[in-house]
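1. sequence below, structure please.
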Amino acid sequence: MSTFVDAAVSVFIRAVNAVYALLWHDLITLPLPSGGSLGLPLLVLALVPTGIYFTIRTRCLPVRLMPEMLRLTLEKRGSDGHALSGLQSLIVSTATRVGMGNLVGVVAAVSAGGAGAVFWMWITALVGASTAFIESTLANIYKEEDPLYGGYRGGPARYIHVLAERWRRKKLSKSIMAVLFAVSGLICWCGISQVIGNSVSSAFENAFGIKPLHSTILLVAVAAVIVLRKHATVKVLDVLVPIMAGAYFFITVFLIVKNAALLPGVFGRIFSEAFGLRQMAAGGFGAVIMNGVKRGLFSNEAGSGSAPCSAAAARTDHPAKVGLLQAFGVLIDTIVICTCTAMLMFLAPAEVLEGQSGMGLLQAAMAHHLGGFGSVFIAVILWLFSFSTFIGVLFYARSNVAYLFGDRWGAQTAYKLLALAMLFIGGLAAYTFVWDLGDVGIGLMTIFNLIALYPLAPMALESLRDYEAKHRK
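-> The predicted structure follows:
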């Protein structure tokens, strides 16, 4: 029996590794005139052209409708029981977008691709915002009432199901592709829970000398109190997200103003390295582009199908409003928060960062700017970013669990307990396979989501035209 189990586990691990390689390893390699090469993974090949296509179809929505996005964030909230307002859905999605990727991901991008990677992160955000608009608007159009939590629910599993019914021309109890999306999402968010636990315990051990077991028990206990209560999630995120993002943003702005004389040199470095003026000679131009693009895509999550799960929960007088707010969330994540992280490093002297790698780069930079408080601040911010991500992904999971198992409290609670267990396990040790499993989950989510977006996009585009026509009147 044990031999059979070992064989089955071995086959499963090989299958996961094979899918991981297909999604994340370079599928196509293009030679560059400089002598280097540009590797293109399947997910980049899927997401970037999709973003460009929807940017064209929405007539450059991120730039053209930026003033309207800003206005919508200030719009008065509606009230409908436990339904979310458009702004609350933005806060929930921002909780998951603004996470470890804004710290660890940016550090990794800059470490591997140099300052020019930041420019390509900006471009990726501008392109991805249009994809975020399409998927979030569709989620709100096809939302349904939530009999368990009240309000509404939905997301890609829901609109993929609608698409399958159109193709089959009959009512379906389940759609195979929607089921695959829902399962992929639950796998992804379990993996993320494990990564969160490990990142938080490591940060607290480095900053305060607290043993991982102690910090993990506290993290899991606080998380359990929130996620196991029926309506605590959105209330906590309403308070937590503005505080954590605002504190990080204003500290960075203060440091930028304090070092304003260095800004011309910083931006000169970003733009010169973005176009490979230094890297072309060394054959590293492809690394500059791809590190910026990869980190940008998977920091803001545009196209992955995660944020639509919160967009569907919003009560609004027009679905396009929710889509615009979610597009704005992509810009907040990458152009604001990720840039904050990059600036903290670029404004520190080169000798301070010499010999540092990974999060050590950011911690060394903050120690230079703020002394001992800098390391403490980064540890606390990482805790808040990670904690809000965990709460946010469990909000996302509600609709996927309901699609797979129906309206059962037992299924909802069982998944929350599984995620809490992964959070605890991750706090004690890092398991690379679980991280890879999470990456496979988000990769498959993205593929299934994009397959549905193209045939359903005309509905979102029609919603945008209708909204703009009404707004002009």
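2. count of neighbours near residue 394?
-> The number of residues packed near residue 394 is 23, by other Cβ atoms under 10 Å. Bear in mind the C-beta positions are built from the backbone N, C-alpha and C, glycine included.
3. and it, how far from residue 330?
-> Plainly put, residue 394 is 21 Å away from residue 330 if you go by Cβ to Cβ, to the nearest Å.
4. what ranges does the stretch 1-150 of the chain have for its strands?
-> In the stretch 1-150 of the chain, the strands defined using DSSP state E, counting those that start in this stretch lie at 26-31, 37-41, 144-145.
5. mean pLDDT lowest for which of the ones you listed?
-> For the strands of the stretch 1-150 of the chain, the weakest mean pLDDT is recorded on strand 37-41, namely a mean of 71.
6. which secondary element of this protein has the worst mean pLDDT?
-> Across the helices and strands of the chain, mean pLDDT, DSSP states H and E gives its lowest value to helix 279-282, namely a mean of 43.
7. returning to that earlier point: which of the strands of the stretch 1-150 of the chain sits closest to residue 338?
-> strand 37-41 (20.0 Å; Cβ to Cβ).
8. about what we covered before: for the strands of the stretch 1-150 of the chain, which one ends up most surrounded?
-> Most buried of the strands of the stretch 1-150 of the chain, by mean neighbour count (mean count of other Cβ atoms under 10 Å): strand 37-41, with a mean of 17.
9. and residue 349, how far from residue 364?
-> With Cβ to Cβ as the criterion, residue 349 and residue 364 are 10 Å apart.
10. from residue 11, how far off is residue 115?
-> According to Cβ to Cβ, residue 115 stands 44 Å off from residue 11.
11. more crowded one of those two?
-> Neighbour comparison, residue 115 and residue 11: the larger count goes to residue 115, with 23 against 10 (by other Cβ under 10 Å).
12. check contacts around the more buried one.
-> Counting by Cβ atoms under 8 Å, 6 or more residues apart in numbering, residue 115 touches 266, 269, 270, 273, 274, 342, 346.
13. show the pLDDT at the fourth one.
-> The predicted local distance difference test score for residue 273 is 73.
14. run the chain-centre distance for the helix or strand where it lies.
-> Under the criterion of DSSP states H and E, residue 273 resides in helix 263-274. Counting by Cα atoms, centre = their mean, to the nearest Å, helix 263-274 is centred 26 Å from the centre of its parent chain.
15. and if you look at stretch 335-346?
-> Its chain's average C-alpha position is 16 Å from that of stretch 335-346, according to Cα atoms, centre = their mean.
16. mean confidence for that stretch?
-> 80.
17. CA atoms of it as CSV?
-> Extracted in CSV, the C-alpha atoms of stretch 335-346 (Å, rounded to 0.1, in the frame of the first residue of the first chain):
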residue,chain,number,x,y,z
ILE,A,335,2.5,52.6,-10.4
VAL,A,336,2.1,53.8,-6.8
ILE,A,337,3.0,51.1,-4.2
CYS,A,338,5.6,49.2,-6.3
THR,A,339,7.3,52.4,-7.3
CYS,A,340,7.5,53.4,-3.6
THR,A,341,9.5,50.2,-2.9
ALA,A,342,11.8,50.9,-5.9
MET,A,343,12.4,54.5,-4.8
LEU,A,344,13.4,53.4,-1.3
MET,A,345,16.2,51.4,-2.8
PHE,A,346,17.2,53.8,-5.5
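18. quick one, what contacts the closest residue to residue 436 other than its chain neighbours?
-> Computed as Cβ to Cβ, 6 or more residues apart in numbering, the closest residue to residue 436 that is not its neighbour in sequence is residue 20, at 5.1 Å. Residue 20 makes contact with 436, 439, 440, 443, according to Cβ under 8 Å, 6+ apart.
19. among these, which one has the lowest pLDDT?
-> residue 436 (72).
20. do I have it right that it meets residue 17?
-> Yes - using Cβ atoms under 8 Å, residue 436 makes contact with residue 17 at a distance of 7.1 Å.
21. more neighbours: which of these two?
-> Each of residue 436 and residue 17 has its neighbours counted (other Cβ under 10 Å); residue 436 has more, 18 against 14.
22. confirm residue 177 sits in a helix?
-> Yes - the assignment for residue 177 by DSSP: H, G, I helix; E, B strand; the rest coil puts it in a helix.
23. quick check, it in contact with residue 448.
-> Yes - between residue 177 and residue 448 a contact is recorded at 5.6 Å, counting by Cβ under 8 Å.
24. just the helices in the stretch 251-400 of the chain please.
-> For the stretch 251-400 of the chain, the helices defined by DSSP state H, counting those that start in this stretch occupy 263-274, 279-282, 285-300, 308-311, 319-331, 339-346, 350-353, 359-370, 372-405.
25. CSV for those helices, including distance to residue 202?
-> Formatted as CSV, the helices of the stretch 251-400 of the chain follow (distance: least, Cβ to Cβ, whole Å):
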stretch, distance to residue 202
helix 263-274, 29
helix 279-282, 31
helix 285-300, 20
helix 308-311, 28
helix 319-331, 27
helix 339-346, 17
helix 350-353, 20
helix 359-370, 8
helix 372-405, 9
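26. out of those helices, flag the one nearest residue 150.
-> Across those, closest to residue 150 is helix 372-405 (Cβ to Cβ), at 11.4 Å.
27. and the pLDDT at residue 364?
-> Looking at residue 364, its pLDDT is 76.
28. what's the burial count for it?
-> Neighbour number of residue 364 under other Cβ under 10 Å is 19.
29. you'd agree it is up against residue 350?
-> No - counting by Cβ under 8 Å, residue 364 sits too far from residue 350 to count as a contact (11.1 Å).
30. in the stretch 301-450 of the chain, which ranges drop under the pLDDT threshold?
-> Along the stretch 301-450 of the chain, the parts satisfying pLDDT under 70 run over 353-360, 429-435.
31. let me fix that, I meant to ask about the stretch 151-300 of the chain.
-> For the stretch 151-300 of the chain, the ranges with pLDDT under 70 are 206-207, 232-234, 275-300.
32. all strands of it, in order?
-> 152-153.
33. pull the longest helix from the protein.
-> Across the chain, the longest stretch assigned as helix under DSSP state H is helix 432-472.
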